[in-house]
Every structure is written in structure tokens, then in C-alpha cells.
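Q: need a structure here:
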Amino acid sequence: MWVASDEPVPVAEGLAGPRTAIESGDRWGAPWGTSWLTVEGTVPEGWAGKTVEAIIDLGFDRNMTGFQCEGLVYRADGSPVKGLHPRNQWVRVAAPAVGGEDVVLHVEAASNPVIPFFSPTALGDKLTAGGEPQYRLGRMDLAVFDEDVWQLVMDLEVLGELMHEMPEDPARRYDIVRAIERALDAIDLQNVNSTAAAARDCLVDVLAKPATPSAHTISAVGHAHIDTAWLWPLRETVRKVARTTANMTALLAEEPEFIFTMSQAAQYDFLKQHRPEVYEKVKKAVSEGRFVPAGGMWVESDTNMPGSEAMARQFVYGKRFFLEEFGIENEEAWLPDTFGFAAGLPQIIKAAGSKWLLTQKISWSEINQFPHHTFLWEGIDGTRIFTHFPPVDTYNCSMQGREIAHAARNFKDKGRASMSLAPTGWGDGGGGTTREMVAKAARMKNLEGSPKVLWDKPADFFAKAEAEYSNPPVWVGELYLELHRATLTSQAKTKQGNRRSEHLLREAELWAATAAVRKDFAYPYDAFDHTWKTVLLHQFHDILPGSAIAWVYREAAQTYAAVAQELAEIIERAQWVLGGERVGPNLFNSTPHPWRSVPAGAAAQPEQSGSCSVIARAEGGFVLENGVLRVEVDARGLVISVFDLERRRETLPPDSAANLLQLHPDLPNSWDAWDVDLFYRNRVTDLTDVDFIVAGPDSTASAVVRVGRSFGSSKVEQILSLGAGEHGLDIDTSVDWHETEKFLKLAFPLDIHADRYASETQFGHMFRPTHTNTNWEYAKFEACNHRFVHFAEPGWGVALVNDSTYGHDVTRTVRADGGTTTTVRASLLRAPRFPDPETDHGAHTFRHSLIPGASLGDAVSAGYRINLAPFTPAVAKAVAPLFTIDNDAVVSSAVKLADDGSGDIVLRIYEAQGGRASALVTTGFDTSGFQVCDLLERPVGSDTSAVAEGAAVRLQLRPFQLVTLRFTRT
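A: The predicted structure is shown next:
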């Protein structure tokens, strides 16, 4: 054995490393270490002509299908053989074997530690995990594989499991029992090998009985759900994918009916970049149509929190990779494990050229059982996507009889549909589908009493399922997972890094494109490609949600810092080229709306806005005023009045306080980083004690009050500022957080009577109820928003916008005066102890703005503005925009050069307020024409939503409609 000193090494280096002796029973493998083993043996002469396999047990716990040590077997020439996993420990040596033949195998063994579920542990980062060996080397043997015995075991397992799932009365059950009895009687337990064939003969008849014509059909899809990071770092996922795909290409070569599918283009790219020897095998299997790329996304991302453009780019980069590498275009989105699905997603799927969705996760919901398994899912714009939830209720089906029977019994669309899908194989280091699963599926292909099982490609399943179900039911709105609600808050720095990266990418593309058109600036295609892929990678559904180990977040912080620096440099270079000297009156406006008379996507001198003041209150605290709002802050640093001077209306209910920090105990029943349970609200501490409250510093641009507090082991400082002429109260909250198992909220009670409120999602917003009339509403006690939530009565509304938070809750009460208090609370910080025992400890800063009198359009604009602050310092020259849109309801989500390097300009827009919109798009450059495109910037043919009107483009958009326009420059 040779131990790599730190990180994994190239295969050639591992093969060449000097070996020291190790034997079965010896301990090996420090946490996260890599050991290279050379296993040698000789085939006995008496085994000549037989099938011989090596059994290599690295110290596996067979009770766990993955989540532990793993290995990848290589030959001396560096060619991969297959992976080693807890339930897949064999390596075929020869069939037929030659007696006296020497066997030499090399194993790259990863000693990934077993992370104990729901227990705080230092094993989640190699910096804290220590060096104690994690495993004890097990069996290392050559063995004869007896085909008859193995096939008998498969026969007995399938029949025995089927029998246990059948009712007691049918004769078929007793036919199986009696056949098994005869088979067991035929076996000589002292000579199993010689009598196994006779025992199998006793089972031929019962295995040959065909399924009933009406039997449910299950499309089995070979599968290995590999989390791109979770209880292991990103670098280990590279090797997990290599081991599993080496297994699957080997199994495909042996099993002609087997089909395997793998999603996540990023994981294919891992192989291409780091394990080319495995990738070549994958490419060959893909070309044969047996290894099927699925999903068309860069990763199986979270879909609640990624912004509009990022969610679109998941499909752009995923689909483009599969097209360029394999010539394959996916029509399905494949997201079996994502924690709920935003209502904006159907339109994005369709705009990417796809039409189907698969997920299994909604079956995990705690309170309500979803009423369908196959249905149409309708998004906020009216787009409908044919959707399937596998009734097998797992994405790790192992072809056990209880799973197959459950899928048929559980299927909610009986009588209207007859088929479902079963993702089959061990994931997350389990090695994928096993030969045992394939053998059991073959027996259930047409077996009386069992659903019919066949291997299928996802696209073929969806095509058949859609064809047979002519009028499926429709589900409108988000697919809310009634579990894992705290993933909207855990690991706040990662969420901030994501939000900031998304908006920096918007700015960088906008100004680089503008500079390319105006000044022949070299558009940084490669930098954008790399950066987008990095940001999309970190939107994986166990990274962005905050449910991975400490190592993942330590690296994520470094990655986001590097992304921010690279994008800031691109922005600076482009703006320098555009604006000349970095002194002058002109500010860049990256938002999609005019700001202080600066057009969207332009640089100009902003208008000066009024004055503001801050004066002390006699009873303590301060009053801030700017001619638009008057804000009272009491001696506790709480906001007790926000008065809209223009509309003569108070925002807050009587005797209430906003900007109220509230601290809850946070001890979910399970899934520490993932879950918050409703009983957390039973206990709350209002943080009202102050260390200081002071006004200033003095400024003509804003009135400012600073508030400091201490609680537990933590400190918080807030800056409340009212800008001159601004319609919102800005609140910057800086927290030095050192709590454990606590949940920090920021509360804003509002004097508004509304039965619903708007939350921004991708390319629009959705409405949620403020009440809990039904269990479905009751279950949504923590929900997701992007940049804003908005509450309204006819003629007047309030928006709360943010720069980096996603989780929130809304409640309402009726006061003694008959009025309604609707309270929105932004979720700031948590402190779970698993998987990362120090989740969120450290310094954090959040920005929120409370905007009285806001319409939905105001909320959209303010949400962009708080995330896209004007870039300073200013520049000498004004810069004209590339595009002018004459309707604020029509919002640009991207302005960029086309990805193909043609120099064409791409403008992606959407209707943001939920109504019909007509808008004229005028270009600030010469163009020979435009095309309406899909997200991959390919023409979509006739589309009446955009027509030429002179030199401009007239848009007629439906509510929340998304359109991509591609302009050719002259």
C-alpha cells in the first residue's frame, strides 16, 4: 500500500508509488485520505475453465449502501476496471480462467469517513478530522463465481419477495410457496453447487407464468444519484462519479437489456477534466445508446433560490454540454432530490426546449400527500409541463419486491394511466445499479402477480406516459416540499455569495457587451463560461441550501471571493473603457429601470434628491424625515412609525414595533441543517435591550441612526438610514453570530389587510395566502422569496426588499380596534450542528429596505436596486444604453453577447408585474434584424410576441412571459 501525502494524485503517480505490505485485518485510511493498494494472487490450477472473481473488501459496512470508503480498480496499464462499494465488492478476473495465471489489480482506495447522522462531528473537514485510521481491511480473496448458485439465489429472492407482497387468498401465492418448498428440498446443503441446477428446475414453471395484461408497467432506469457535494467535498465527487460510471460501463457490457442514465453535465465534465480514461468508456456507451445523459442541467440544482437568469443558465450550460459532447438534446428535467420547485420553473424548462419533469422528493412532505403521480404542472405564466413523480417513492430502487409492489399499489392515477418510472441503483458512493438488480428485473419483466418491469430510457418512458394519458390533472403554482424549510436560511454566507455572484454576472455581461459594441472591448467569453459554471455548480441542492459538511462551505467562501474579484475586474475594465477617467459626474446604472434619471444600462449624471434630517425624540430615540417618509425610532432602537407623507398613511399597526430582532430556540426533530419545525414559534425572545443608539454620521444624502445590541454570545449593530428623496427605510444588520441551535428573525408588522401577498420568484412573482384555512396553507409556515415580498390593499402597498435573504414567514392577527396586523419576518441566521457543527458562526451583514406605498412594479425595481447599487467612483463620459424599453413592466434579465462568438447581442426580457404588457424595444446600435430565440440562443421560428416596428421591436407580452431576442449587428 502507498498513501498519498495529501490530496488525490493522478493515476500514473498512484500506480508508481512505492508499496509497503498490508494484510487483511490491518487498519488503514486517515479521514479523507487516499491509499493505493496492489492486490496480487494466482488462479489455482483446479479452477481452470471456471469464472473467477476477486473479492476485495476495503472494510465496508454492508448495512450502508454508500457514505463510506470506496475504491476504483485499475489494471497496470492505467485502464479502469470497475468500482468497489459496500454491496459491489467483486471484480471479474477471468471467464474462463487459466490455471496458474497471476492476478494483479491496483486499487485507488478513498478513506472517506462515515459522517454520523445528526451528531456534531469534526470529521466534516480535513483540517479538523485528525489522522486516526477509519477502516480495517477485510477479505481479499480469489473466488469461483458459480452461475447456477447465483441464479438460484436470484430466483428465490424474486419469488419470495413477490409471495410476501401478495394477499393470502390467491392460488398464485400458494403455487409460489410450494415451488419454493420443492426447490429447497432439491438442494443438498452439503453440496449446493452440484444441486443448484436441479433446484432451479423446480422454479421454472412459476417463473414462466406471465403477468396479467392489466398489470402496472414499471420503466426501470439504471441510476445512481450522486450528490455533487454533501457529506463529502467537491473533489471527492469527481472520484465518486468515476467509480460509479466505471461500474456502469462494465455492467452495460455484460447486460444487453440494461440502460443506465446519469444527469448533471458538471459530473460528466468532472470525468472529462480529471478522469479521461473513464470518460472515454462513458462516451462509447453513450454513442451506443445505453448510457443516457438526462436532465439537461449543469447540476441537479436547488430551484427555490437560484435567480431567474441563473436558473435559465442551468439549462443553457447543461443542454449545451450534452449537445456538444454527445449530440444529444434532453427533453426532460431530472431533479429527483431537489427540495421543492419554484412556480417560475415550468416556463424556464419550456424556454430551454424541454417539456417533461421528473422528481421524487415531494413524497417526503410531512403533512399533505400529493394527489397525483403523473400530471401537468402549471407555472406562473401558464406554461404546463408534463410531470411524473415515481410512485416507488425512492430514487434508489433496488428491485426488491416490496418496492415494486408499493409502486403499483401507490400509483394514484390508476384507471387513467398504467405506467411509472423507477430510478434503480445505489447512489452517493453505492456504485449504481448492481447485477443483482438487473437479474431481478429480468425475472419481473413478465411475471404473474408482479408489475411488469422493463429497462427504459427516460425520454421513451415520458413519450409513452404522455401518449397514454390524454387529459391529466393540473397542479397550479409551486411544488412546495413540506420539509427541509430551513434550507432557505442555513449557511447564510453561501446564500449571500450566490446572490452577489448572480448580480455581478449581470453587471459584468452588461458592461462588457456595451463596451464590446461601443469600444471594441474584448468580450471575455472564457471568463464568463468558467464563472457561470462555478456559480451554477454551487447551486447544487446540498450546497446552496446549506446542508453539506464544513469543508464544502470553507471552499465555497473562497470560491465566491474569487468570483467576485474576477467579475469586479471585468466590470472595472469595461467601465474604464466606456467612461474614461474614473472621476466625473456620471454613474453606471446596472438595474433594468431608470434610477434618478439615469437610464437603465447607461451611465449619466444622476439627479440630486431633496434633503433629509434626523432629530432626537424627547422620550428617547430619533425621528428621520426626507419629505417622503417620516420614521420614528424609539429608545430601544425599534421602529415605531413609518409614515407615508405623500399618501398620509401609517405603515405600522398601533403600539407595534418593526425592525424587531427575534430569537427562537431551533431544535428540529430531525435533519438539523435542513429542517425547522413549527413548534419553534412556541418560544421567542424579543431583542429589545440596547448597548447604544446614536444618530449620524451627519450627511446631506441620508439620515442615519445606529443601534447596537448584545445577546447570548453574539452582538448586532444596525444602521437605519433614510436617503434623500428615497421611498424606503434601509436597514443594514451586522451580526457577529456565535449562538447554537437558535433561529434569528427580523420582524416587520404591517397595518395591512390582505388575504395574499406576492413573493418574487424566477421571472415574476407568485402569491401565497396570509391565512391557514387548509392544511396546504398551514404547511407553508416558512417560504421562499427572492428580492422582495409585497403586501397590498387596493391603492396602497408595502414592499420588503433584501440583498441576500430567502426564507421568511407571514402571519396575521386581528387587533382589538378591528384592524388587521400582517407580520412578515425575514429569516437571518440559524445555528444547526449537523453536518457543520459551527454553521454560520462569524460575522454577517444583511440589508433590507421597507418601502411604504410601493406597487408591485416598485417592488421589482427596488429589489433590483438593492442588489445592484450604483458603481462608484463615477466616470467622466456618459454612456448610452444598448437597449431602451419604454414600459417598466418589461424587465431585462440579461444583456450579453451571444455565446457562439458571432458578436450578436442577446436581450432577455420578461413581464414582471403579472399583467399584459406592450413595450417598444429600441436598440442603441445598428442592427440588420432580430430573431426570437430559446434560452440556448437558437431561433424558435414564428413568435408573434415580438415583431419589427420600424427599426425597433414591438413586444406584446402575456403575464410573466419570458422572451429572448437576438440582434445581428451591422
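Q: dihedrals phi and psi, residue 812?
A: Per-residue torsions, residue 812: phi -140, psi 150 (degrees, to the nearest 10).
Q: hmm, it is touching residue 772, no?
A: No. Assessed by CB atoms under 8 Å, residue 812 is found out of contact with residue 772, at 9.6 Å. All C-beta atoms are positioned from the backbone trio N, CA, C, and that covers glycine.
Q: who has more neighbours, those two?
A: residue 812 (21 against 14; other CB atoms under 10 Å).
Q: contacting residues for the closest residue to residue 417 other than its chain neighbours?
A: Once flanking residues are discounted, residue 417 sits nearest to residue 469: 4.6 Å by CB to CB, 6 or more residues apart in numbering. Contacts for residue 469 (CB atoms under 8 Å, 6 or more residues apart in numbering) come out as 374, 413, 416, 417.
Q: also residue 165?
A: 401, 402, 404, 405.
Q: then stretch 141-155 to CSV, C-alphas only?
A: Extracted C-alpha coordinates of stretch 141-155, given in CSV (Å, rounded to 0.1, in the frame of the first residue of the first chain):
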residue,chain,number,x,y,z
ASP,A,141,-9.7,-13.4,-2.0
LEU,A,142,-10.0,-15.0,-5.3
ALA,A,143,-13.2,-17.0,-5.7
VAL,A,144,-15.1,-19.0,-8.2
PHE,A,145,-18.4,-17.5,-9.3
ASP,A,146,-20.9,-20.3,-9.6
GLU,A,147,-23.5,-19.1,-12.1
ASP,A,148,-26.1,-21.8,-11.1
VAL,A,149,-26.0,-20.9,-7.4
TRP,A,150,-26.1,-17.2,-8.1
GLN,A,151,-29.1,-17.6,-10.4
LEU,A,152,-30.9,-19.7,-7.8
VAL,A,153,-30.5,-17.0,-5.3
MET,A,154,-32.0,-14.5,-7.7
ASP,A,155,-34.9,-16.9,-8.4
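Q: tell me, how many neighbours does residue 655 end up with?
A: Counted with other CB under 10 Å, residue 655 comes out at 11.
Q: same check on residue 412?
A: 16.
Q: and residue 59, by the same measure?
A: When neighbours are counted by other CB under 10 Å, residue 59 comes out with 22.
Q: so it touches residue 135, yeah?
A: Yes. In terms of CB under 8 Å, residue 59 counts as a neighbour of residue 135; the distance is 3.3 Å.
Q: what sits in contact with each of those two?
A: 28, 29, 69.
Q: now, the contacts of residue 165 that are in helices?
A: 401, 402, 404, 405 (DSSP state H).
Q: in the stretch 451-600 of the chain, which spans are helices?
A: 458-468, 492-519, 525-537, 550-579 (DSSP state H, counting those that start in this stretch).
Q: and those, which is most packed in?
A: Mean neighbour count (mean count of other CB atoms under 10 Å) peaks for helix 492-519 among the helices of the stretch 451-600 of the chain, with a mean of 22.
Q: quick one: that helix to chain centroid distance?
A: 21 Å (CA atoms, centre = their mean, to the nearest Å).
Q: how about stretch 628-640?
A: 39 Å.
Q: also stretch 759-766?
A: The answer for stretch 759-766 is 17 Å, by CA atoms, centre = their mean.
Q: same question for stretch 364-371.
A: Taking mean C-alpha positions (CA atoms, centre = their mean), stretch 364-371 and its chain are 20 Å apart.
Q: distance across that stretch, terminal residue to terminal residue?
A: Counting by CA to CA, to the nearest Å, you get 13 Å between the two ends of stretch 364-371.
Q: what comes up buried for that stretch?
A: 365, 370 (16 or more other CB atoms under 10 Å).
Q: so what touches that stretch?
A: 362-363, 389, 412, 473, 480-484, 775-776, 778-779.
Q: farthest pair within those residues?
A: Based on CB to CB, the longest span within those runs between 473 and 484 and measures 25.3 Å.
Q: so for those two, which sits in the more crowded spot?
A: Legend: neighbour count by other CB under 10 Å for residue 473 and residue 484, higher for residue 484 (26 against 13).
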